[in-house]
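Peer 1: model the following, please.
(2 chains)
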Amino acid sequence: MMDTLHDVLAPFGPQAGHVHALWMLTLAVCTLVFAAVLAALLIALLRAGRSNAQSAPDLSALGRPEPGRRHGVIAAVAASTLLLLALIAASIFTDRALAKLSTDGALRLEVTAHQWWWEVRYVEPQVADTFITANEIHVPTGRPVIVTLKADDVIHSFWVPSLAGKKDLIPGRTTTMNFRADREGAYRGQCAEFCGSQHALMAFFVVADPPERYEAWAAAQRRPAADPPPGQPLRGREIFMRSSCAMCHAVDGTSAQAVRGPNLTHVASRGTLAAGSLPNTPDDLKRWIADPQQIKPGTYMPATQLSSEDMDALVGYLQTLR
Amino acid sequence: MTAATLRLAGTAVLALACAMAMGGCEREMRRFETPPDNRASPHPDAPRTSALQPAEPRGDPVRQPAGNGEGYEGNAYNVAQGKRLYRWYNCAGCHAQGGGGMGPALTDDQWRYGSEPAQIFSTIMQGRPNGMPSFGGHLSEDQVWQLTAYVRSMSGQLKKDVAPGRADSLQANEPEAARDREPARPGTK
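Peer 2: Now for the predicted structure:
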């Protein structure tokens, strides 16, 4: 599996930094208040009069008129109000800071969440440069990214803790979020809104590369799939086109153009299979094709029964899709 | 009322509630395993009757149904999956939402090539002349059975509690669960 970072407390971009700062402030204030409340309770316990189990309870307080507001109570209410207002203010300023990220020269992505995988479209000014991938987002370091978020079926939530906060993806409604990755590395993301039986296995990865490496990656992704070498991979392509694979998956440059499952044009270049469920190795790919329900129960990918030669050929072909 | 009668009444109510809950089991049951293939068919091979096929065509024969869709028509999950697949695989491209377009309507209960589940299964697998593609080998048999169950719900042939009551996307006609069974009208096919 990929060596990735998934940590709310380790921000690697300005947006995650703002969220992290707000989180630290809230933690500090809440810790202070908690400590003060405990201290007040301890003081009250220590100052209260003592009686033993044998003596009758002291009910004299019931007979006395209720005391007026005490200074301590007034001070505590005032402090709570002020602290809550301060947290509201901090929250508003965080929101404003998040909105201030410069989007000059931003990379534009369109992420559509499906049960249970992520479709990613790189939207370029030249339509011919636009390409589609799945579950793995590459971005250049230091360049802002505008992500348009959509959902196909139910509500999902886009969350890369090390780069930005959460944002829901709602069917029929388009939202956006901006972030920037300042340090190269692979950051793990996860659907953060319960979306059905495989919500937990709906991960994705944001790989931040230096700009030149990102450009090389994007150029490779834009190319349609190359013709496989004759022999086993070529037979594998025939199997792909003639069995159920081509009903849901697309491989650019072939007659498989369906949009129901992840685009497989460069599937072998990705680190994982099935939205972070499996490492992308030939053996895991075979297991996944032969019986997806064993690995991700409830997934909409049907099992494909193939003879072992056909399966080897198919996986051999998919390995050529780099 | 004595304590014994109360206890008896309580047990009876509990048993009744359990029985009622069990009644819903089959309707709601959702399979999380790969269904076995339909290998027990007495006539395994049937020719394809349509050259049209999605992606690249294949020439091998398709399998005949072994049963009559048992386990699919009484199960709301399978019917709902069929509805989803109907949209995914663009059945609506020809049959519209059941009213028909380039392909025939599916909202009555008498069809040219038979309206029994096994006959519909064969129609989807083999294809039919004049445009119905042959999906055998391109779809898993499980999915074909789910589609079969769903298209029968379009003409109100399934139980109301199993047929879909809502759609994932906009749907202009009434939900399948609210449709009455519609007999074929004379002169239309």
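
Peer 1: which parts of chain B are helices?
Peer 2: For chain B, helices defined by DSSP state H occupy the ranges B:3-23, B:25-28, B:76-88, B:92-95, B:117-126, B:141-153.

Peer 1: chain A contacts on chain B?
Peer 2: Proximity of chain B to chain A (Cβ under 8 Å from any Cβ of the partner chain) is limited to residues B:30, B:32-34, B:37, B:54-58, B:84, B:88-89, B:137-140, B:142-143, B:168. C-betas here are computed from N, CA, C, even on glycine.

Peer 1: apart from its chain neighbours, what residue comes closest to the residue of the stretch 51-200 of chain A found nearest chain B?
Peer 2: Among the residues of the stretch 51-200 of chain A, A:Asp153 lies closest to chain B, at 6.3 Å counting by Cβ to the nearest Cβ. In space, and not counting its chain neighbours, A:Asp153 is closest to A:Gln115: 5.2 Å by Cβ to Cβ, 6 or more residues apart in numbering or on different chains.

Peer 1: could you do A:Asp152 as well?
Peer 2: The shortest distance from A:Asp152 to any non-neighbouring residue, by Cβ to Cβ, 6+ apart, is to A:His114 (4.7 Å).

Peer 1: quick one on the thing from earlier: from the residues of chain B next to chain A, keep the buried residues only.
Peer 2: B:34, B:54-58, B:84, B:88-89, B:137-140, B:142-143 (16 or more other Cβ atoms under 10 Å in any protein chain shown).

Peer 1: pick out the lowest-pLDDT one from those.
Peer 2: Among these, B:Thr34 has the lowest pLDDT, at 76.

Peer 1: my guess is that residue contacts A:Thr304, does it?
Peer 2: No. Under the criterion of Cβ atoms under 8 Å, B:Thr34 is not in contact with A:Thr304, lying 9.9 Å apart.

Peer 1: what is the helix or strand of chain B with the lowest mean pLDDT packed up against?
Peer 2: Lowest on mean pLDDT, DSSP states H and E among the helices and strands of chain B sits helix B:25-28, with a mean of 74. When contacts are defined as 3 or more Cβ pairs under 8 Å, 6 or more residues apart in numbering or on different chains; DSSP states H and E, helix B:25-28 packs onto helix B:76-88.

Peer 1: contacting residues for A:Arg322?
Peer 2: A:220, A:266, A:268-269 (Cβ atoms under 8 Å, 6 or more residues apart in numbering or on different chains).

Peer 1: any low-confidence regions in the chain?
Peer 2: Using chain A. For chain A, the stretches flagged by pLDDT under 70 are A:1-2, A:68.

Peer 1: wrong one, I was asking about chain B
Peer 2: Across chain B (using pLDDT under 70), the flagged ranges come out as B:1, B:23-25, B:37-43, B:184-189.

Peer 1: pull up the gap between the residue positioned nearest the centre of it and B:Ala80, please.
Peer 2: By Cα atoms, centre = their mean, chain B has its centre lying nearest to B:Ala149, at 0.9 Å. Using Cβ to Cβ, to the nearest Å, one gets 10 Å for the distance from B:Ala149 to B:Ala80.

Peer 1: over to A:Thr272?
Peer 2: 29 Å.

Peer 1: okay, those two: which has more neighbours?
Peer 2: Applying other Cβ atoms under 10 Å in any protein chain shown to A:Thr272 and B:Ala80 shows that B:Ala80 carries more neighbours, namely 23 against 20.

Peer 1: and A:Leu9, what does it touch?
Peer 2: A:Leu9 sits next to A:His20 when contact means Cβ under 8 Å, 6+ apart.

Peer 1: out of the helices of chain B, nearest to A:Asp209?
Peer 2: helix B:76-88 (34.3 Å; Cβ to Cβ).

Peer 1: tilt between the closest one and helix B:141-153?
Peer 2: Put simply, helix B:76-88 runs at 90 degrees to helix B:141-153, going by axes from the mean of the first three to the mean of the last three Cα atoms, to 10 degrees.

Peer 1: tell me what helix B:76-88 is packed against?
Peer 2: Against helix B:76-88 (3+ Cβ pairs under 8 Å, 6+ apart) you get helix B:25-28, helix B:141-153.

Peer 1: counting neighbours, what do you get for the residue lying closest to A:Arg260 once chain neighbours are set aside?
Peer 2: Of all residues not flanking A:Arg260 in the chain, A:Cys248 sits nearest, at 3.9 Å (Cβ to Cβ, 6+ apart). A count of neighbours around A:Cys248, defined by other Cβ under 10 Å, yields 19.

Peer 1: what of A:Gly189?
Peer 2: For A:Gly189, the count of nearby residues is 26 (other Cβ under 10 Å).
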